[in-house]
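Undergrad: here's my sequence, what's the structure:
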Amino acid sequence: MNTFRLITFSLLFTLLGLQTPAMAVFPATISAEDVMVRVPMPGRTVTAGYLTLKNPTDQPQQLTAVASDAFERVELHTHTHVDGMMRMHEVDQIEIPAHGEVALQPGGLHLMLFNPLIELVADQSLDLTLHFADGHSMLVQAQLSMPPRR
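TA: Reported below is the predicted structural model:
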């Protein structure tokens, strides 16, 4: 009887489009670790975010956008060496190789977060929504930290 109820409710939820997290349309194939956003330096309205994305699947995945209610906008960026100078520029997507990982870290791929819409306090957290080329999205929590002292 319990199996019949489970199947009936699952079918009903699916037909009505009411899905629980365990019944998500896109399986959570990518994982995010060490998600961190730096608190902007005083007087600044731009900061950086870092994380590691792991892909256990047989297909490469692409991170295409990141959004947050805490910022006006978020962009995907990288650093490149041009004529002996490090330059930062926006990228359209970040590839996560099949059975691999990609680290967004200082001096390489990273998030640029513009114009905070809330007060950012170290040791608190905020939500980031990661959007992927296959259409799925993933909500992660980023820990806020102070920028390193130089």
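Undergrad: element containing the spatially most central residue of the chain, please.
TA: Centroid-nearest residue in the chain: residue 130, 3.7 Å away (criterion: C-alpha atoms, centre = their mean). For residue 130, the host element (DSSP states H and E) is strand 125-132.
Undergrad: CA atoms only for that strand, dumped as CSV, please.
TA: The C-alpha coordinates for strand 125-132 follow below in CSV (Å, rounded to 0.1, in the frame of the first residue of the first chain):
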residue,chain,number,x,y,z
SER,A,125,26.9,34.2,3.9
LEU,A,126,25.0,35.0,0.8
ASP,A,127,23.3,33.1,-2.0
LEU,A,128,24.6,32.7,-5.5
THR,A,129,22.7,31.0,-8.3
LEU,A,130,24.9,29.2,-10.9
HIS,A,131,23.5,28.8,-14.4
PHE,A,132,24.7,26.1,-16.8
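Undergrad: helices and strands around it, which ones?
TA: Judged by 3 or more C-beta pairs under 8 Å, 6 or more residues apart in numbering; DSSP states H and E, strand 125-132 is in contact with strand 31-38, strand 61-67, strand 137-145. In short, each C-beta sits where N, CA and C put it, glycine included.
Undergrad: can you give the strand pairings for the longest one, parallel or anti for each?
TA: Paired with strand 137-145 in the same sheet, following DSSP bridges, are strand 31-38 (parallel), strand 125-132 (antiparallel).
Undergrad: could you dump the ones you listed to TSV with mean pLDDT?
TA: Rendered in TSV, the data for those read as follows (pLDDT from 0 to 100):
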stretch	mean pLDDT
strand 31-38	97
strand 125-132	97
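Undergrad: okay if I get the ones you listed as a markdown table plus distance to residue 62?
TA: Conversion of the strands paired with strand 137-145 to a markdown table gives the following (distance: least, C-beta to C-beta, whole Å):
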| stretch | distance to residue 62 |
| --- | --- |
| strand 31-38 | 14 |
| strand 125-132 | 6 |
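Undergrad: for these, which one sits closest to residue 69?
TA: Nearest of the strands paired with strand 137-145 to residue 69, taken as C-beta to C-beta: strand 125-132 at 6.9 Å.
Undergrad: tilt between that closest one and strand 61-67?
TA: 140 degrees (axes from the mean of the first three to the mean of the last three C-alpha atoms, to 10 degrees).
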